[in-house]
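> I would like to see how this sequence folds:
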Amino acid sequence: MRTFPVCGCSRHCLLLLALLVGSAMSFAPTFGGQKQNSASIQRRSEALRDVTRQQKKSTKLGMVDNLDLSLIDVQDMTVSRVAFWLCLVAAAGTAQLGRSAIPVAVQALAGQGSPKGGVDLELPYPEPVYEADVVEILANIENMTIPAIVQDYPIPNQLEGYLRYESLVLANPDSHPMAVRAVFDSLALGINKNQVAPRVAIQRLESYKEDLSKLKFELTKGRTIGVTALMILLALIGAADYFSLYHLFHAYFPLWPGVETFPASLLDVGKLLSLGDYYMNDVPEMPVDPSVYPV
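Sure thing, here's the model as predicted:
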């Protein structure tokens with residue numbers, strides 16, 4: 001067998017080939033590390049997506065990052081959201097009615113006009129109401145009659161045929177203003193009444209001619225009934241406000257510590273300042289009991 005001498009060029013080629021093989025072997029662990037890095041990056045990406053989904057869920061529900069949603073009564077929360085809006089409408093309606101029922105301020109009438117003096121009727125007004133002033137007003141009404149006053153002194157938006165307080169004032173321009181208010185209040189049942197049925201007004205005015213003390217009796221009776229009705233109305237307003245706040249907290253702040261101690265928690269400044277941390281915009285999904293199966 002003949003052997004051929006290896007030339008210098010061939011030796012260089014073999015050396016280069018050995019270097020290439022060694023380099024390839026040296027890079028083998030690096031390729032495995034890249035695979036490990038890829039798996040680590042994938043796990044971090046999945047974890048990041050989970051965090052993002054949790055943040056979206058928290059944003060949708062509200063400020064519930066550190067709250068235990070398993071403590072929420074989902075059914076109570078759902079019902080309270082409906083009840084809150086119903087109570088809010090009721091509270092707004094009773095508040096509007098309450099403002100219209102606030103007694104007319106008669107303090108502004110004090111000091112106006114010149115009373116004729118005489119016997120003080122001892123009526124509950126800022127200044128004395130004298131018998132002579134009341135008798136003068138009753139005489140003017142008798143001369144003009146109630147239907148004539150209603151017709152001659154109409155007031156915008158008044159009920160047809162009803163006597164308005166403003167009409168009685170216009171019909172008695174020279175009489176003592178506080179006495180005019182007292183006479184009209186004795187005709188109307190309740191407080192803050194600015195109109196009265198003509199039939200009722202005529203009957204009571206006729207009774208005053210026989211006994212002027214009946215004016216004080218009718219005035220006291222009307223005030224008593226009016227104040228009682230106002231107290232009942234204020235109680236209804238308070239109840240509507242209470243239930244509005246009660247359902248507000250149960251509907252949108254079910255995990256707020258102040259829910260358990262409401263309404264005393266309204267006086268706790270610390271709890272009120274933390275209220276925003278417990279806000280929930282949406283109702284969470286109702287947990288399913290795994291032991292219960294649909295039939």
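
> could you pull out the strands for the stretch 101-250 of the chain?
163-164, 195-196 (DSSP state E, counting those that start in this stretch).

> other SSEs contacting the last one?
Here strand 195-196 is seen to pack against strand 163-164 when contacts are counted using 3 or more C-beta pairs under 8 Å, 6 or more residues apart in numbering; DSSP states H and E. From N, CA and C alone the C-beta is placed, and that goes for glycine too.

> domains in this protein, as residue ranges please.
Domain segmentation of the chain under automatic domain parsing yields 63-98+241-278, 104-210.

> which one, of these, ends up nearest to Leu230?
When the domains of the chain are compared for distance to Leu230 using C-beta to C-beta, the nearest one is domain 104-210, at 6.5 Å.

> show the average pLDDT along the closest one.
On average, the pLDDT along domain 104-210 is 84.

> any idea how far Lys214 is from Ser186?
Ser186 sits 8 Å away from Lys214 when distances are taken as C-beta to C-beta, to the nearest Å.

> make CSV from the strands of the stretch 101-250 of the chain and add distance to Val180 and mean neighbour count to it.
Putting the strands of the stretch 101-250 of the chain into CSV (distance: least, C-beta to C-beta, whole Å; neighbours: other C-beta atoms under 10 Å) gives the following:
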stretch, distance to Val180, mean neighbour count
strand 163-164, 12, 24
strand 195-196, 14, 21
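
> let's have the ones you listed in TSV, adding distance to Tyr278.
Shown next, in TSV, are the strands of the stretch 101-250 of the chain (distance: least, C-beta to C-beta, whole Å):
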stretch	distance to Tyr278
strand 163-164	53
strand 195-196	50
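
> for Leu234, find the nearest of those strands.
Evaluated with C-beta to C-beta, the strands of the stretch 101-250 of the chain place strand 195-196 nearest to Leu234, the distance being 23.1 Å.

> what sits up against that closest one?
Gln158, Leu159, Tyr162, Leu163, Arg164, Tyr165, Phe184, Leu187, Ala188 (C-beta atoms under 8 Å, 6 or more residues apart in numbering).

> and what of stretch 244-258?
Contacts for stretch 244-258 (C-beta under 8 Å, 6+ apart): 62, 64, 67-68, 71-73, 76-77, 80-81, 83-84, 87-88, 90-91, 259, 262-263, 265-266, 268, 271-272, 274-275, 278-281.

> buried residues, that stretch. List them.
Neighbour counts using 16 or more other C-beta atoms under 10 Å place 244-254, 256, 258 of stretch 244-258 among the buried residues.

> equivalent analysis for stretch 78-90, please.
Ser80, Ala83, Phe84, Cys87, Leu88, Ala90.

> the first one: what's it in contact with?
Right, the one you point to is Ser80. Contact partners of Ser80, counting by C-beta under 8 Å, 6+ apart, are His247, Leu248, His250, Ala251.

> state the distance from it to Ala95.
Taking C-beta to C-beta as the measure, Ser80 and Ala95 are separated by 21 Å.

> pLDDT score for Asp73?
Taken from the predicted model, the pLDDT recorded for Asp73 is 83.

> and it, what does it touch?
With contacts taken as C-beta under 8 Å, 6+ apart, Asp73 has the following neighbours: Pro254.

> what's the closest of the strands of the stretch 101-250 of the chain to Gln203?
strand 195-196 (10.8 Å).

> need the helices for the stretch 151-295 of the chain, in chain order.
With helices called from DSSP state H, counting those that start in this stretch, the stretch 151-295 of the chain shows them at 165-171, 177-187, 198-210, 213-252, 269-273.

> next, give phi and psi for the closest residue to Tyr242 other than its chain neighbours.
Once its chain neighbours are removed from consideration, Tyr242 has its nearest residue in Pro263; the separation is 6.8 Å (C-beta to C-beta, 6 or more residues apart in numbering). The phi and psi values for Pro263, taken as degrees, to the nearest 10, are phi -90, psi 0.

> contacts only, for Pro263.
Taking C-beta under 8 Å, 6+ apart as the definition of contact, the neighbours of Pro263 are Tyr242, Leu245, Tyr246.

> try it again with 10 Å
Asp241, Tyr242, Leu245, Tyr246, Phe249 (C-beta atoms under 10 Å, 6 or more residues apart in numbering).

> need those residues in CSV with distance to Glu142 and pLDDT, can you?
Formatted as CSV, those follow (distance: C-beta to C-beta, whole Å; pLDDT from 0 to 100):
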residue, distance to Glu142, pLDDT
Asp241, 48, 90
Tyr242, 51, 92
Leu245, 55, 93
Tyr246, 56, 94
Phe249, 61, 93
